[in-house]
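Colleague: My questions are about this predicted structure, shown below with the sequence.
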Amino acid sequence: MGIAGTIRSFPKEKAIVSNEIATNMYKTLPYMMAKAIADIPLTGVFSAVFCVIIYKLTGLQPVRSKFETFLGLIATHAVASEALGLFLGAISSSQEVALALFPAVIILNIIFDGKNLSAENTPYVLKWLPSVSLIRWSFQGLVINEFQGLEFLTGGPRRGPTVKTGEDALARYGYEDSSVSHVFRTQGIIIAACWFMSYVGWT
C-alpha cells in the first residue's frame, strides 16, 4: 500500500513542482526531504493501528518487547515501501509509466524474497535482488522476532525431524546468524538509497 500510494501521487506533483523549482521558489533537495519525511508520522499511526489489531488476532507472543519490535518492523517496512514508491515516481515520466512499473517491482520482490527461489537456481546477474527485496527483509525480521525464545512441545507420536526451539526453526530458514537489528539496518540502508536515487532521478 505504501508503494501504491506514493507511486500514484508523486508523478502528478512533478509538473507543478518542476515549475516552482524553475522559478526558484525552492530547491530540489529541500522538497525531496520534505516529501520523504512528511508521511512518516502518518505511516507510524497506521502501522500502530494495524499492529494493535493483528498482533492479538494472530496469537503472537504476548510479550511487550516482542510487540514493540513487531511494531517497529511493520513501520520500517511501510516507510521503505513509500521510499521505493517515491523512487519509482521520480524516475517515471508520467503516472502511467509509474503504474506500469509497479506490478513488475512487486513481482520481483515476491519472487526474490529469499525463499521462493533458491540461491543455486538464481541467475548470476540477479543474485543481488534478494538483498534489496522489501518482502524478504520484512519477513525475516518478523520471523526472527517471533521465534527467538520459543520452546515447542515435542511429546507424543511424531513423524520426521522435530523442532524443539524457535532457534532450531530459525536455523531451518537459514536465519541462525541473523538478527532483528541487522534487518533494521538493512531496511534503513534501502530507505536511504531509495531517497537518494529519488533525488538523483528528479534532478
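Modeller: Received it, and whenever you're ready, just let me know what you need. Computed from a predicted structure; not experimentally measured.
Colleague: Longest helix in the chain, please.
Modeller: If you go by DSSP state H, the chain has its longest helix at helix 64-91.
Colleague: helix or strand right after it?
Modeller: Using DSSP states H and E, the helix or strand that follows helix 64-91 in sequence is helix 95-111.
Colleague: now that next one: how far from the chain's centre is it?
Modeller: Relative to the chain's own centre, helix 95-111 is displaced by 15 Å; criterion: C-alpha atoms, centre = their mean, to the nearest Å.
Colleague: just checking, what packs against the helix or strand that it is followed by?
Modeller: Using DSSP H and E, the helix or strand that follows helix 95-111 towards the C-terminus is helix 134-147. Judged by 3 or more C-beta pairs under 8 Å, 6 or more residues apart in numbering; DSSP states H and E, helix 134-147 is in contact with helix 64-91, helix 95-111, helix 166-173, helix 180-202. Just so you know, the C-beta spots here come from the backbone N, C-alpha and C atoms, and that holds for glycine as well.
Colleague: Low-confidence ranges, the protein, go.
Modeller: Within the chain, the stretches with pLDDT under 70 are 1-2, 4-5, 8-11, 119, 155-161.
Colleague: switch to 90 and redo it
Modeller: Filtered on pLDDT under 90, the chain yields the residue ranges 1-48, 56, 59, 61, 81-132, 148-178, 197-203.
Colleague: returning to what we had before: if you count neighbours, what's buried in the longest helix of the chain?
Modeller: 66-67, 69-91 (16 or more other C-beta atoms under 10 Å).
Colleague: how big is the angle separating it from helix 180-202?
Modeller: Calculated by axes from the mean of the first three to the mean of the last three C-alpha atoms, to 10 degrees, helix 64-91 forms an angle of 20 degrees with helix 180-202.
Colleague: what angle do helix 64-91 and helix 134-147 make?
Modeller: Using the same axes, to 10 degrees: helix 64-91 against helix 134-147 is 180 degrees.
Colleague: Could you point out which of the helices and strands packed on helix 134-147 sits nearest residue 141?
Modeller: Ranking those by proximity to residue 141 (C-beta to C-beta) places helix 180-202 first, at 3.6 Å.
Colleague: Just name whatever secondary elements the closest one is in contact with.
Modeller: So helix 180-202, by 3+ C-beta pairs under 8 Å, 6+ apart, packs with helix 28-38, helix 64-91, helix 134-147.
Colleague: Let me have those in a markdown table, extended by distance to residue 13.
Modeller: Below are the helices and strands packed on helix 180-202 laid out as a markdown table (distance: least, C-beta to C-beta, whole Å):
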| stretch | distance to residue 13 |
| --- | --- |
| helix 28-38 | 8 |
| helix 64-91 | 9 |
| helix 134-147 | 23 |
